[in-house]
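Asks: got a predicted structure here, sequence first:
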Amino acid sequence: MKILYFAWVRERVGKTEEIIDLPAGVATVADLVEHLTGLGEEYAHAFENPKVVRAALDHVHVKPAASLAGVSEVAFFPPMTGG
């Protein structure tokens with residue numbers, strides 16, 4: 001699965017994207033965030049407040065409970081503001 005990081009999430013993780021194999025038991029966006037948080041200090045810092053980080057699955061904004069089944073790309077980004 002392709003994971004994309006934007007804005008300060010990217011800065012904290014230290015990369016713009018990566019390809020990962022989902023471990024067994026990682027079925028939702030929330031599960032993925034929990035998994036990533038355990039990969040190292042940079043991920044833990046990026047997702048220290050998971051309620052703030054937004055996600056999109058294949059370019060569609062979703063909630064943390066969204067299923068990863070059939071998804072090819074997950075993007076994480078901070079809240080956006082308009083103006």
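Replies: Structure received.

Asks: all helices for this structure, in order.
Replies: For the chain, the helices defined by DSSP state H occupy 7-13, 29-37, 41-46.

Asks: what are the buried residues along the first one?
Replies: In this case it means helix 7-13. Residues 9-10, 12-13 are the ones in helix 7-13 that count as buried (16 or more other C-beta atoms under 10 Å). Glycine gets a C-beta too; all of them are placed from N, C-alpha and C.

Asks: and that helix, how far from the chain's centre?
Replies: Helix 7-13 has its average C-alpha position 11 Å from the chain's average C-alpha position, going by C-alpha atoms, centre = their mean, to the nearest Å.

Asks: which other helices and strands does it contact?
Replies: Other elements packing on helix 7-13 under the criterion 3 or more C-beta pairs under 8 Å, 6 or more residues apart in numbering; DSSP states H and E are helix 41-46, strand 73-77.

Asks: do the longest one as well
Replies: Helices and strands in packing contact with helix 29-37 are listed as helix 41-46, strand 54-57, strand 73-77; criterion 3+ C-beta pairs under 8 Å, 6+ apart.

Asks: which strands or helices does the longest one pack on?
Replies: Helix 41-46 sits against helix 7-13, helix 29-37, with contacts defined as 3+ C-beta pairs under 8 Å, 6+ apart.

Asks: that older thread, show me the two of the buried residues of helix 7-13 that sit farthest apart.
Replies: By the measure C-beta to C-beta, the buried residues of helix 7-13 have their two most distant members at 10 and 12, which lie 7.4 Å apart.

Asks: just to revisit the earlier point, the buried residues of helix 7-13 into TSV, with extra columns for pLDDT and distance to residue 40?
Replies: Formatted as TSV, the entries for the buried residues of helix 7-13 read as follows, by pLDDT from 0 to 100; distance: C-beta to C-beta, whole Å:
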residue	pLDDT	distance to residue 40
9	96	14
10	97	15
12	97	11
13	97	9
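
Asks: just name the closest of those residues to residue 35, please.
Replies: Nearest to residue 35 out of the buried residues of helix 7-13 is residue 13 (C-beta to C-beta; 13.3 Å).
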